[in-house]
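Chemist: No letters, just coordinates:
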């Protein structure tokens, strides 16, 4: 099931997001950089602020009572939405959770009438890049991403919703 997060989800989401990010990226990054990023990004208070922000849409994917994944989308001024975070815990990979969550994110963006979805994905995350391409995103460039003190490169991927609807 996919649903919008509420303020009561902040603690659960913060813990899930930190665990999923750690599990996904710990092996390829220095522990101190990962710890610094997690501390700045996934606290309960921050998640509560983001859930309460009218310009942020937080979708939760649940399997029974378990949180399986989430997407956080930021509405921008120029008819675009950034999928700022899109994570499915590895125990739910291959079960259709990511596809269902992405379809819900695309539907939400279409409902809001935006013209483009975009996201940044670590250039070394081949699995995610392939998933986004399969969903209809195309590589449109790169930008820097700071993980702790490690300056990394994200691929920028975009989907034009007007084209996707045809």
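Modeler: Good, I have the coordinates. Quick caveat, the model's predicted, so the values are computed rather than measured.

Chemist: which outside residues touch the helix or strand where residue 108 lies?
Modeler: Here residue 108, judged by DSSP states H and E, is contained in helix 97-112. Residues outside helix 97-112 that contact it (Cβ atoms under 8 Å, 6 or more residues apart in numbering) are 2, 57, 59, 61, 63, 68-71, 73, 75, 81, 83, 86, 88, 92, 117, 131, 135, 159, 161, 164-165. To be clear about C-beta, it is placed using only N, CA and C from the backbone, and glycine gets the same treatment.

Chemist: Now, of these, which are buried?
Modeler: 2, 57, 59, 61, 68-71, 73, 75, 81, 83, 86, 88, 92, 117, 131, 135, 159, 161 (16 or more other Cβ atoms under 10 Å).

Chemist: Give me the subset of those lying in helices.
Modeler: 131, 135, 161 (DSSP state H).

Chemist: mind checking pLDDT for the first one?
Modeler: pLDDT recorded at residue 131 is 96.

Chemist: what's the nearest residue to it if we skip its chain neighbours?
Modeler: residue 98 (6.2 Å; Cβ to Cβ, 6 or more residues apart in numbering).

Chemist: how much space between the one you found and residue 92?
Modeler: Using Cβ to Cβ, to the nearest Å, we find residue 98 at a distance of 8 Å from residue 92.

Chemist: hey, what's in contact with both of those two?
Modeler: residue 69.

Chemist: ok, the residue nearest to residue 148 when sequence neighbours are not counted - contacts?
Modeler: Counting by Cβ to Cβ, 6+ apart, residue 148 lies nearest to residue 33, which is 2.7 Å off, once chain neighbours are set aside. Contact analysis of residue 33 by Cβ under 8 Å, 6+ apart lists 147-150.
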